[in-house]
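Enquirer: Next comes the sequence, and after it the predicted model I'd like to discuss.
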Amino acid sequence: MEQLHLAAAAQATGVITLPGSKSISNRTLLLAALADGVTVIRDLLDSDDTARMLEALQSLGVQLENIAENAWRVSGCDGNFPNKQADLFLGNAGTAFRPLTAALAFSNGDYHLHGVPRMHERPIADLVSALRLAGAKVDYLANEGYPPLQISPATLDVSQPIQIRGDVSSQFLTALLMALPLTGQAATIEVVGELISKPYIEITLNLMQRFGVKVERDGWQRFHIPAATRYQSPGEIYVEGDASSASYFIAAGIVAGDVTVQGVGQHSIQGDILFAEAAKLMGGRISYGDNHVRAEKTGALKAIDLDCNHIPDAAMTLAVMAVFAQGTTTLRNIASWRVKETDRIAAMATELRKVGASVTESEDAIEITPPAQLIENAVIDTYDDHRMAMCFSLISLAGVPITINDPKCVAKTFPEYFKVFASIAR
């Protein structure tokens, strides 16, 4: 297995520019493909997840042209994919698999959707059940409730409200919201239970509106899509920098120096920008501009007890910051970690113990107490999970060398991560 050895560092200083947001990139690609008209997308993330979406759209007959670095021209199909048969391999890209499942369920074709073994362990039953309520024909090809899937033509009826659970993954609601305008019918979604990760739904609604579809909502429980709505190209759209990826550099600044992150700012549409405020609770100084966030160390960090439901991905970075803080840090309401690229609660607990931390995990929370002295030269397993690799790079800023196994897993969202991290670590 390939390994990356990170030398001990004492400081993090400098200015970095973020790659595009994964969440915004894949949503924008799909909306542009479904829209009427041609859309130019700039600052698109170049990563494994976006590559899987681009490949899938090409297989579906969408015309795509790479016109410059991280810029694509997408000729929309006005809600009707040209190819009615396709075999789509989507890797471990949830932001491609879930929305495409819904869009294709309403596209009157025969489609086979599959991915890597871990994708076949990630639940999709709540989305499939909702699609079946709308008349879609979606079959499981292996284990009930999990990919791979086979989608077949069906007669759709969305005259009755479609119920969907909100407490496993917000991507299920995102997928349904983005796909329902394809039916041309008025449709209502009712969320059953507590909706998690609401800021990701805000991203979805914001982008749908940019493409001409305004969703009416009653709190977070009911969403209504008017009849005869269709996606219209906005012409040109820029992808914000990835706020989840910003978390590692904001954390680096707070634990070890002074780092400015360019590509997101105070008006970001991404919920993970709120990571900066969560990190500030531990100590340090945060300041914002229209397109940057600056994070500075001001003294010793202190432990926090925080509900992290609103920042599920970025909260992983808080778990590693906890080893720099005085006291026991508790991160709550993170059950969604269990169904991500790996079981992130279990993985985080296992790897934090390798550096000497005391960790207690429960079904939806994790408690971390730092050791008196971090263990040097720990070898961190990453579970084919990009965020595990990026999070644990921060340990080196405590002045201890560390080894990251399978460092190239960061290609899922940030292929140049370790090069950029090396530019600020001293």
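Expert: Looks like it arrived, so ask away.
Enquirer: going forward, measure contacts and count neighbours with C-alpha atoms only.
Expert: OK.
Enquirer: Model confidence for the closest residue to A365 other than its chain neighbours, exactly?
Expert: If the residues on either side of it in the chain are set aside, A365 comes closest to R332, at 4.4 Å by C-alpha to C-alpha, 6 or more residues apart in numbering. R332 is assigned a pLDDT of 98 by the prediction.
Enquirer: contacting residues around R332?
Expert: D305, L306, D307, C308, N309, D364, A365, I366 (C-alpha atoms under 8 Å, 6 or more residues apart in numbering).
Enquirer: so what's the third one scoring on pLDDT?
Expert: If I follow you right, that is D307. Residue-level pLDDT assigned to D307 equals 97.
Enquirer: Put together TSV for the contacts of R332, with distance to M119 and neighbour count on each row.
Expert: Conversion of the contacts of R332 to TSV gives the following (distance: C-alpha to C-alpha, whole Å; neighbours: other C-alpha atoms under 10 Å):
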residue	distance to M119	neighbour count
D305	32	13
L306	29	16
D307	27	16
C308	24	22
N309	22	20
D364	21	15
A365	23	18
I366	24	21
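Enquirer: of those residues, closest to T350?
Expert: Closest approach to T350 among the contacts of R332 (C-alpha to C-alpha): I366, at 11.5 Å.
Enquirer: okay, stretch 386-394 in PDB with CA atoms only?
Expert: The C-alpha coordinates for stretch 386-394 follow below in PDB (Å, rounded to 0.1, in the frame of the first residue of the first chain):
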ATOM      1  CA  HIS A 386     -10.800  11.100   1.500                       C
ATOM      2  CA  ARG A 387     -11.800  13.000   4.600                       C
ATOM      3  CA  MET A 388     -10.000  10.500   6.900                       C
ATOM      4  CA  ALA A 389      -6.800  11.200   5.100                       C
ATOM      5  CA  MET A 390      -7.200  15.000   5.000                       C
ATOM      6  CA  CYS A 391      -8.200  15.200   8.700                       C
ATOM      7  CA  PHE A 392      -5.300  13.200  10.000                       C
ATOM      8  CA  SER A 393      -2.700  15.400   8.200                       C
ATOM      9  CA  LEU A 394      -3.500  18.000  10.900                       C
END
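Enquirer: And the residue nearest to V355 when sequence neighbours are not counted, how close does it get to W337?
Expert: Leaving aside its sequence neighbours, V355 sits nearest to I375 (C-alpha to C-alpha, 6+ apart; 4.7 Å). As for I375, its distance to W337 is 26 Å (criterion: C-alpha to C-alpha, to the nearest Å).
Enquirer: Between these two, which is the more surrounded one?
Expert: Comparing I375 with W337 by other C-alpha atoms under 10 Å, the one with more neighbours is W337, at 24 against 15.
Enquirer: secondary structure class for the more buried one?
Expert: Following DSSP: H, G, I helix; E, B strand; the rest coil, the label given to W337 is helix.
Enquirer: Nearest spatial neighbour of it, chain-adjacent residues omitted?
Expert: Of all residues not flanking W337 in the chain, R344 sits nearest, at 5.0 Å (C-alpha to C-alpha, 6+ apart).
Enquirer: So the one you found versus M316, what's the distance?
Expert: Distance from R344 to M316, counting by C-alpha to C-alpha: 8 Å.
Enquirer: Quick check: the gap between the residue nearest to A365 and A276.
Expert: Going from R332 to A276 by C-alpha to C-alpha gives 17 Å.
Enquirer: got it, and E121?
Expert: 32 Å.
Enquirer: Same drill for those two, tell me which one is more crowded.
Expert: Set E121 next to A276 and count neighbours by other C-alpha under 10 Å: A276 wins out with 23 against 17.
Enquirer: So what's the gap between stretch 309-316 and the chain middle?
Expert: Relative to its chain's centre, stretch 309-316 lies at 10 Å (C-alpha atoms, centre = their mean, to the nearest Å).
Enquirer: the strands in the stretch 151-300 of the chain, which residues?
Expert: In the stretch 151-300 of the chain, the strands defined using DSSP state E, counting those that start in this stretch lie at 162-165, 187-192, 216-218, 222-225, 236-238, 257-262, 285-288, 292-296.
Enquirer: looking at these, which is closest to P82?
Expert: strand 236-238 (22.9 Å).
Enquirer: What is the closest one packed up against?
Expert: strand 38-42 (3 or more C-alpha pairs under 8 Å, 6 or more residues apart in numbering; DSSP states H and E).
Enquirer: pLDDT score assigned to the residue lying farthest from the centre of the chain?
Expert: What lies farthest from the middle of the chain is A372; by C-alpha atoms, centre = their mean that is 33.8 Å. We have a pLDDT of 97 for A372.
Enquirer: Please apply the same query to I269.
Expert: I269 carries a pLDDT value of 94.
Enquirer: Quick one: residues contacting it.
Expert: E202, I203, N206.
Enquirer: same thing with F97?
Expert: L90, L113.
Enquirer: Ok, S197 next?
Expert: S169, S170, N309, H310, I311, P312.
Enquirer: Just want the phi and psi numbers for it.
Expert: Phi and psi for S197, reported as degrees, to the nearest 10, are phi 50, psi 40.
Enquirer: Quick check: it vs L173, distance?
Expert: Distance, S197 to L173, using C-alpha to C-alpha: 11 Å.
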